[in-house]
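K.L.:
Next comes the sequence, and after it the predicted model I'd like to discuss.
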Amino acid sequence: MRKGLLAVAGIAMLTSVTFAGLASAADHRDSPLNVSNSTADINDVYAFRSPQNPNNLVVAISANPLIVPSDNASRGVFGDDVTFQIHVDVNGDLMDDATVDISKDGDSLVFEGLGAPIAAKITKPGEAPVISRAGPITAFAGLRDDPFFFDLAGFQAFLANPQVPAKGLRAPGGGDPVDAFAGTNILAIVVELPIVALTGENTSTTGAIKAWVSSERDGKRIDRMAIPAINTALIPSGMKDAFNAADPADDAADFRETGIGTIDFLRDVVDGLFGNEQDGGPLGDLTSEQVGGALIPDIVTIDFSAPVQFPNGRQLTDDVIDAALGVVLNRGGAAGIGDGVGGNDKAFSNQFPYLADPHTGGGSTGGGSGTPISPPSTGDGGLMSSGTSWMLSAAFLAFAVVLAGAAGVATVRSRGR
């Protein structure tokens, strides 16, 4: 619905030296440290009510992106020296009231901070999911299909030659939209627990939390996120690692004005290209200042008195790209644009751990057949040729902004690290 707009923003970025160094994409490999520390790279965080018990919250963390089936055995493993953290704030001061540490110990991931430590045995590539339970808490760790979906090729084509799309973002004769992340796997950390254990309330339909996730290697912060793509889209290339090393409590003072300026820039570019006026996004007619205030600090709020779905949380099926573009660009309905990819390449399960089984055989990225699967070019982490770096840098900056907006306005990234 609005990814095309994003592409437009990318075009303008090509002329802006400010964003010249942004060659990373979305939250898959969003900073130099993430590129060189893939097992600590947080891609996405999902938070939704359990399909099996609506009194429970499910938090799913996606890490270590772009694993193709031929690399399942070599890359589908958790780092021995990597720790993830789920940070939960219940009183709104942007400081941890509860912290869950998740680290590897032998053949298990150990969760600490939920009462007695919980050891979740890691599911090895090719095994059926190993489910670990301790009292009311259920946990999983292992290889899964990447639940993120987006027509990256259509976005890139729209960026290179913006015109009225025929299918999704694709021009007439440009073919059908294709999910670029289809056929690739990630490492998943999934935990399900009672909502009242997080909020301290008497029922699961009252109370709210603010949350963010982070990762460390040997005690050094590598990544952090709550709202998708904030770092990729809004932070200059030379500051990306510093942003990941910072805490949300400092974001408003250090990064908010930069974010608002980028949102204004993207809106101006899109308005000029399409000619029609902003008509309000999925959350209403919001100014760039209002959106910037929702996105920065990079922390997500979940209100349990409302449906826990994007942007108040994030279900696996939520199309955050379209929603994000709508929020950031203040467009929807007749003024909105979507990428035409509305769902994942594999069906999700209604049984824990809910993410689809990992890909194990041949095929092609995007759900085709007959050619080997290869990961999409999402940034400069060894996947992008120098000849296209400038175009993709701009494209991904815009793409990040889109995600940042959608998730930013309330994407649940409650947990991860």
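P.N.:
Okay, I see it. Residues are numbered from 1 along each chain as shown.

K.L.:
pretty sure residue 339 contacts residue 156?
P.N.:
No. Counting by Cβ atoms under 8 Å, residue 156 is not a contact partner of residue 339; they are 11.1 Å apart. In short, each C-beta sits where N, CA and C put it, glycine included.

K.L.:
Who has more neighbours out of those two?
P.N.:
residue 339 (34 against 22; other Cβ atoms under 10 Å).

K.L.:
pLDDT value on the more buried one, please?
P.N.:
The predicted structure scores residue 339 at 84 on the pLDDT scale.

K.L.:
how far away is the nearest residue to residue 334 once chain neighbours are set aside from residue 286?
P.N.:
Leaving aside its sequence neighbours, residue 334 sits nearest to residue 279 (Cβ to Cβ, 6 or more residues apart in numbering; 6.9 Å). Distance of residue 279 to residue 286, computed by Cβ to Cβ, to the nearest Å: 12 Å.

K.L.:
Kindly point out which residues are neighbours of both of those two.
P.N.:
residue 330 (Cβ atoms under 8 Å, 6 or more residues apart in numbering).

K.L.:
Show me which of these two is the more surrounded one.
P.N.:
Using other Cβ under 10 Å as the criterion, residue 279 and residue 286 rank with residue 286 on top: 21 against 14.

K.L.:
Hmm, residue 331 and that one touching each other?
P.N.:
No. Using Cβ under 8 Å as the test, residue 286 is too far from residue 331 to be in contact (10.9 Å).

K.L.:
Quick check: neighbours shared by these two?
P.N.:
Joint contacts of residue 286 and residue 331 (Cβ under 8 Å, 6+ apart) are residue 280.

K.L.:
where along the chain do the helices fall?
P.N.:
3-14, 32-36, 72-75, 152-160, 195-199, 230-234, 240-245, 251-274, 288-295, 320-329, 389-408 (DSSP state H).

K.L.:
could you dump the fifth one to CSV, C-alpha only?
P.N.:
Listed in CSV are the C-alpha atoms of helix 195-199, where the atom choice follows Å, rounded to 0.1, in the frame of the first residue of the first chain:
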residue,chain,number,x,y,z
ILE,A,195,0.4,-11.3,30.3
VAL,A,196,-0.3,-10.6,34.0
ALA,A,197,3.3,-11.6,34.8
LEU,A,198,4.5,-8.7,32.7
THR,A,199,1.9,-6.0,33.7
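
K.L.:
can you offset everything so residue one is 8?
P.N.:
With 8 as the first residue, the last one maps to helix 202-206.

K.L.:
Let's test this: mean pLDDT of the lengthiest strand in the chain, rounded?
P.N.:
The residue-count maximum for a strand in the chain (DSSP state E) belongs to strand 63-74. For strand 63-74, mean pLDDT rounds to 93.

K.L.:
same question, stretch 88-98
P.N.:
94.

K.L.:
buried set for it?
P.N.:
Neighbour counts over stretch 88-98 (16 or more other Cβ atoms under 10 Å) mark 89, 90, 91, 92, 93, 94, 95, 96, 97 as buried.

K.L.:
And stretch 264-281, by the same measure?
P.N.:
265-267, 269-270, 272-274, 276-278, 280-281.

K.L.:
what do you get for stretch 310-321?
P.N.:
Those would be 311, 315, 316, 317, 318, 319, 320, 321, for stretch 310-321 by 16+ other Cβ under 10 Å.

K.L.:
Quick check: mean pLDDT of that stretch?
P.N.:
92.

K.L.:
show me where pLDDT drops low in this protein?
P.N.:
Low-confidence segments of the chain (pLDDT under 70): 8-41, 236, 239-241, 243, 369-424.

K.L.:
what ranges do the strands span in it?
P.N.:
Under DSSP E, the chain gives strands at 49-56, 63-74, 89-96, 105-112, 115-119, 125-128, 139-141, 144-152, 192-201, 215-224, 227-232, 307-310.

K.L.:
which of the buried residues of stretch 88-98 lies closest to residue 224?
P.N.:
residue 89 (5.3 Å; Cβ to Cβ).

K.L.:
With adjacent residues omitted, what lies nearest to the residue nearest to the spatial centre of the chain?
P.N.:
What sits nearest the mean C-alpha location of the chain, by Cα atoms, centre = their mean, is residue 51, with 3.3 Å. For residue 51, ignoring the flanking residues on the chain, the nearest one in space by Cβ to Cβ, 6+ apart is residue 69 at 4.3 Å.

K.L.:
Likewise for residue 292?
P.N.:
residue 337 (6.6 Å).

K.L.:
What is the neighbour count of the closest residue to residue 58 other than its chain neighbours?
P.N.:
Leaving aside its chain neighbours, residue 58 sits nearest to residue 357 (4.5 Å; criterion: Cβ to Cβ, 6+ apart). Residues lying near residue 357 (other Cβ under 10 Å) number 9.

K.L.:
Then the one 10 residues further on?
P.N.:
When neighbours are counted by other Cβ under 10 Å, residue 367 registers 12.

K.L.:
My guess is it contacts residue 134. True?
P.N.:
No. Residue 367 sits out of contact with residue 134 when judged by Cβ under 8 Å, with a separation of 11.0 Å.
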